[in-house]
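Student: test case, fold it:
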Amino acid sequence: MKRILFSLAVLAASMVSSQVLIDDTGNTEAAIEESAALQINSNDKGLLLPRLAEEPQNAVGGLVYFDTNGKCLKAYDGTAWQVLGTECAQLYTVSISVPERVYEGEDQVFNVSISPAVEPGTSISIEYITSEIPGIPLDYIDSATEDEDYVGASGTLTFYEGETNKTISVTTKVDDIVENSEHYAVLISLGDIVGNANVNISYDIAEGIILDNDPGGSTPIGNLVQNGGFESGGSINWFNNDNGVVVSDESQEGNHSIKFSGLGTKKLNQTITITPGATYTITFWYKVASGNNMSARIWSYWRNDSSNIFSNSDELRGPSGGYLQNNNNQWTEYTVTLTAPANANKFYYEVRAYGGAVVYFDNFSVVQQ
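Tutor: Predicted structure coming up:
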């Protein structure tokens, strides 16, 4: 209420006088200087200007703001923005990228990039450390254990003049345990800055995934699908928001499958990193326990970083662009071998169930030939 009343008081003052005095000193005899339109007196407070990341549009001469990227004051002189006082800092953006998945015993390489290239007289340090994935319940994914599944790492990367990329290498460990793929993270944070620079870290965490290569494991060598047989007992690694339930009373092979039932379109999908132009065999098993020849289908496509690629649509939304056959309620294999487009680096793997049917899916795989 005080702020509202104070604002109204200032507004009222501006209506009846060409001068406004704001006094926070307690001096009851404070007087405004003759040449001032607005005067602020305070012993322990300052004037807070608008703080903006971009220059305001349709500016008029005399407009002033604080540039949060460059950490400097700017004023518009009627034709262009001018820096008041010291030069603005160069804004750099730092990010860490998600690496390729590796098998036990292989090194996993994380790329840390900075943009633009570091200017002369400037150096920027980035601290890094391996960790469990923060904020993710351990019963949602299989968390890798430091010094059992990978060698813990921490340190500092320093970018000098002209540099744009650094790497962090994490060594994974071999065991003879049949298990799901295991997950951990590398976190980065800002260290020391030398020179006039401001740094924004756009991505400060990247997930590392260690694939199991033990015989009988949930991620056989060559299969790029995570938890393809649902042997984790859940649908981890899959996007499943349509009430698909992992069950143990029905499976094509192993101990589990995933079951869909109920009205509407049910979807299950996972995005897989692939090699452009490589050939892959794509396989899954399905069983329409209750329904007809329009109860299930594959609905997949290739992708790049910005868009979907609809090559091989007959096979990836097939067979022949249609629905999967009921086959008298028996487990049935669907498999195709396709060459990924040269501009594709991901495969979006999705299956669907329709119309209140009861459909089971199991043993998904994508294997490079």
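
Student: where does the stretch 1-150 of the chain dip in pLDDT?
Tutor: Within the stretch 1-150 of the chain, the stretches with pLDDT under 70 are 1-17, 135-141.

Student: residue ranges for the strands of it, please.
Tutor: Using DSSP state E, counting those that start in this stretch, the strands of the stretch 1-150 of the chain run over 20-23, 38-41, 51-52, 64-67, 72-76, 81-84, 90-96, 102-103, 107-115, 123-131.

Student: same list, those, but as CSV with mean neighbour count please.
Tutor: To be clear about C-beta, it is placed using only N, CA and C from the backbone, and glycine gets the same treatment. Listed next are the strands of the stretch 1-150 of the chain as CSV, based on neighbours: other CB atoms under 10 Å:
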stretch, mean neighbour count
strand 20-23, 16
strand 38-41, 14
strand 51-52, 11
strand 64-67, 16
strand 72-76, 17
strand 81-84, 12
strand 90-96, 19
strand 102-103, 18
strand 107-115, 17
strand 123-131, 18
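
Student: closest one to Leu190 among the ones you listed?
Tutor: Nearest to Leu190 among the strands of the stretch 1-150 of the chain is strand 123-131; the distance by CB to CB comes to 6.7 Å.

Student: identify the residues contacting Ala59.
Tutor: Ala59 is in contact with Tyr76, Trp81, counting by CB atoms under 8 Å, 6 or more residues apart in numbering.

Student: any idea how far it is from Ser181?
Tutor: Distance of Ala59 to Ser181, given as CB to CB, to the nearest Å: 53 Å.

Student: Gly321 too?
Tutor: 33 Å.

Student: swap in Glu54?
Tutor: Applying CB to CB, the value for Glu54 to Ser181 is 42 Å.

Student: so those two - more neighbours on which side?
Tutor: Ser181 (21 against 9; other CB atoms under 10 Å).

Student: ok, now which ones touch the more buried one?
Tutor: Counting by CB under 8 Å, 6+ apart, Ser181 touches Arg101, Asp142, Ile209, Ile210, Leu211, Asp212, Ser218, Thr219, Gln226, Asn227, Asn237.

Student: the stretch 201-350 of the chain: strands as residue ranges?
Tutor: 205-211, 245-247, 257-260, 266-273, 279-290, 296-298, 301-303, 308-309, 332-339, 346-353.

Student: could you point out which of the ones you listed sits nearest Ile114?
Tutor: Between the strands of the stretch 201-350 of the chain, strand 205-211 lies closest to Ile114; by CB to CB that is 15.0 Å.

Student: now the closest one: how far from the chain's centre is it?
Tutor: Between the centre of strand 205-211 and the centre of its chain there are 13 Å (CA atoms, centre = their mean, to the nearest Å).

Student: could I get the full set of helices for this protein?
Tutor: 2-16, 313-316 (DSSP state H).

Student: picking up where we left off before, let me have the strands of the stretch 201-350 of the chain in CSV, extended by mean neighbour count and distance to Ala153.
Tutor: As requested, those are exported to CSV (neighbours: other CB atoms under 10 Å; distance: least, CB to CB, whole Å):
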stretch, mean neighbour count, distance to Ala153
strand 205-211, 21, 11
strand 245-247, 16, 34
strand 257-260, 24, 36
strand 266-273, 18, 22
strand 279-290, 19, 32
strand 296-298, 23, 40
strand 301-303, 20, 31
strand 308-309, 15, 36
strand 332-339, 14, 37
strand 346-353, 22, 27
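
Student: many thanks, have a good one.
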